[in-house]
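[1] have a look; sequence and predicted model below, questions after that.
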Protein chains: 2
Amino acid sequence: MSSLLFTSQSSSNGVLEREFTVDGVPGVLWSPASGADRAPLILLAHGGGNHKKHPAMSGRARRLIDGCGFHVAVLDAPGHGDRPRTEHDEAEIAALFAARAAGEPEGPIVVRYNDHLAELAVPEYRAALDALQQLPEIGADGPVGFWGINMGTAIGIPFVASEPRVRAAVFGQHWPDTLAGKARRITVPVEFDLQWDDEHISREEGLALFDAFASAEKSLHVNSGKHKELPRFEADSAVRFFARHFGRPVATAA
Amino acid sequence: MSSLLFTSQSSSNGVLEREFTVDGVPGVLWSPASGADRAPLILLAHGGGNHKKHPAMSGRARRLIDGCGFHVAVLDAPGHGDRPRTEHDEAEIAALFAARAAGEPEGPIVVRYNDHLAELAVPEYRAALDALQQLPEIGADGPVGFWGINMGTAIGIPFVASEPRVRAAVFGQHWPDTLAGKARRITVPVEFDLQWDDEHISREEGLALFDAFASAEKSLHVNSGKHKELPRFEADSAVRFFARHFGRPVATAA
């Protein structure tokens, strides 16, 4: 049995923030501060080089809570945030920086490193979900969503492919190499984000990964702009996606 | 000077509906019934075989009015709705039905017929815009939007390409053949809808038309499903698109 340990608690502007560990892996759970109403859980996964409380994570959590009253949890990925880097992590990061400095493609390094991290992270996400579903305000029978872009997609696709508790997922911005085969096992509704002028991921690669999902209901959102220019309104769109599938009206104007 | 003649007026559930003609071309103007506040105008164009008051048009108008308080107008396309069909219209429709019955591609016929209709419709839309901007509740200096899918895109792309008063547009679901060159002259924000499993328009054709727009800000929404299965939530997305660009918060939950 996975053991959930809360390590800190604070509250700000209607959001209750509880940091925790599950089997030693650090995470954070954000919930509506107004009470312990049972509500769906959305699992987030952060991007490469970031961490569980990066503004891209806390901002998405606030939108999900203000808009729909969901619970939201995210883990530090292996080698990220409060977790130590291994020698392998250091070597891969050095290889990435060297490729970047030399103007060589980052894709092959990111693909293999993210695949390695995902192998470690998937069982961690499963253990965290086991533990969080023990909380009365989440429960074992409610719908679970997953939302991760970039490295969050590299972790999320194998996780969702092997996790029937996840009923809807938002992914995007990754190469298909190691992921398309796993995406073919995903049948839940998917919203998928790409950047039309991504300097790292070609249009063909991005579209191939979207095409791979076996989901009867899937949506692709492509926006003009480079890799890091994903428009903020796509975060609102993802909130509406979860609201639509989990039967919660969105409270905020958007 | 184009002459606007109102021919009927009614009101229902907060929406004022006024039918009109401009230089003999029939149209309908929907406005908030609550008053004559000056607000942006969104021009719609209906799909092939439909007409100005088809539920796809009146439903979009209601969303734009309930959500943002916009004014919304649409014309019957040549040969559609209350307008007579010419011999050329009858011949093209017969050719389309014959191709459909024979299981042959509809694209070549639809492309050439829509291009013909657009040549007639573009000056009609320009005249209607001239006339509607004389109304005090619309005015000559407010932003104008355009929203048309299928044949509405065939009319809308040449219209928007030649009409600087249109500041944002929603298009989708058309072949690039006669339109890509005109789309390259469009620089305003664009939202573009495609169906991933469209039985008439190939993925390559749809993506080529999206790619053609010169707009710095453009978004592509692709959904699983066939040609006629564009999800209804894309209508809500288009309302938010206009709200975002015209500075109006969306009042309705979505």
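    Structure received.

[2] drop to CA atoms for contacts and neighbour counts, all remaining ones
    Will do.

[3] residues contacting A:Val222?
    A:Val222 is in contact with A:Asp193, A:Leu194, A:Gln195, A:Trp196, B:Ser219, B:Leu220, B:His221, counting by CA atoms under 8 Å, 6 or more residues apart in numbering or on different chains.

[4] can you redo those residues as a markdown table with distance to A:Ser162, neighbour count and pLDDT?
    Output for the contacts of A:Val222, formatted as a markdown table (distance: CA to CA, whole Å; neighbours: other CA atoms under 10 Å in any protein chain shown; pLDDT from 0 to 100):
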| residue | distance to A:Ser162 | neighbour count | pLDDT |
| --- | --- | --- | --- |
| A:Asp193 | 22 | 27 | 98 |
| A:Leu194 | 24 | 29 | 98 |
| A:Gln195 | 27 | 26 | 98 |
| A:Trp196 | 30 | 22 | 98 |
| B:Ser219 | 32 | 24 | 98 |
| B:Leu220 | 30 | 25 | 98 |
| B:His221 | 28 | 20 | 98 |
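
[5] just the ones of those in strands?
    A:Asp193, A:Leu194, A:Gln195, B:Ser219, B:Leu220, B:His221 (DSSP state E).

[6] residue contacts, the first one?
    With contact set as CA under 8 Å, 6+ apart, A:Asp193 has these partners: A:Ile149, A:Val170, A:Phe171, A:Gly172, A:Gln173, A:Leu220, A:His221, A:Val222, A:Glu234.

[7] spit out the contact partners of the last one.
    By CA under 8 Å, 6+ apart, the contact set of A:Glu234 is A:Asp193.

[8] let's see 10 Å
    By CA atoms under 10 Å, 6 or more residues apart in numbering or on different chains, the contact set of A:Glu234 is A:Phe192, A:Asp193, A:His221, A:Val222, A:Asn223, A:Arg240.

[9] that one and chain B, how far apart?
    Distance of A:Glu234 to chain B, given as CA to the nearest CA, to the nearest Å: 10 Å.

[10] and for the fifth one?
    Taking CA to the nearest CA as the measure, A:Gln173 and chain B are separated by 15 Å.

[11] ditto for the second one
    From A:Val170 across to chain B, the span is 14 Å (CA to the nearest CA).

[12] helix/strand/coil for that residue?
    When classified by DSSP: H, G, I helix; E, B strand; the rest coil, A:Val170 comes out as strand.

[13] for it, give the beta-bridge partners.
    A:Trp147, A:Glu191 (DSSP bridges).

[14] OK, contacts around it?
    Neighbouring residues of A:Val170 by CA under 10 Å, 6+ apart: A:44, A:145-149, A:152-153, A:156-157, A:189-193, A:218-220, A:235, A:237-239, A:241-242.

[15] rewinding a little: among the ones in strands among the contacts of A:Val222, which two are most distant?
    Spatial extent of these (CA to CA) is set by the pair A:Gln195 and B:His221 at 12.0 Å.

[16] near chain B, which residues of the stretch 151-254 of chain A?
    Listed as neighbours of chain B in the stretch 151-254 of chain A under the rule CA under 10 Å from any CA of the partner chain: A:191-196, A:211, A:215-225, A:231, A:233, A:237, A:240-241, A:243-244, A:248-254.

[17] do you know the pLDDT at the residue lying farthest from the centre of chain A?
    Within chain A, the residue lying farthest from the chain centre (CA atoms, centre = their mean) is A:Ala102, at 30.0 Å. Predicted confidence (pLDDT) for A:Ala102: 97.

[18] A:Met1 too?
    For A:Met1, the pLDDT comes out at 63.

[19] and which of the ones in strands among the contacts of A:Val222 is nearest to A:Lys52?
    A:Lys52 has its nearest neighbour among the ones in strands among the contacts of A:Val222 in A:Asp193, at 20.5 Å by CA to CA.

[20] that closest one - nearest residue in space that isn't next to it in sequence?
    Leaving aside its sequence neighbours, A:Asp193 sits nearest to A:Gly172 (CA to CA, 6 or more residues apart in numbering or on different chains; 4.3 Å).

[21] max pairwise distance over the contacts of A:Glu234: which two?
    The span of the contacts of A:Glu234, defined through CA to CA, is set by A:Asn223 and A:Arg240 at 17.7 Å.

[22] which residues do A:Gln195 and B:His221 both contact?
    By the contact definition CA under 10 Å, 6+ apart, A:Gln195 and B:His221 are jointly contacted by A:His221, A:Val222, A:Asn223.

[23] columns distance to B:Arg85 on top of these, output as TSV?
    What follows is the shared contacts of A:Gln195 and B:His221, written out as TSV (distance: CA to CA, whole Å):
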residue	distance to B:Arg85
A:His221	39
A:Val222	39
A:Asn223	40
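
[24] tell me if A:Ile42 really is in a strand.
    Yes: under three-state DSSP, A:Ile42 sits within a strand.

[25] and it, how many residues sit next to it?
    Neighbour count for A:Ile42, taken as other CA atoms under 10 Å in any protein chain shown: 24.
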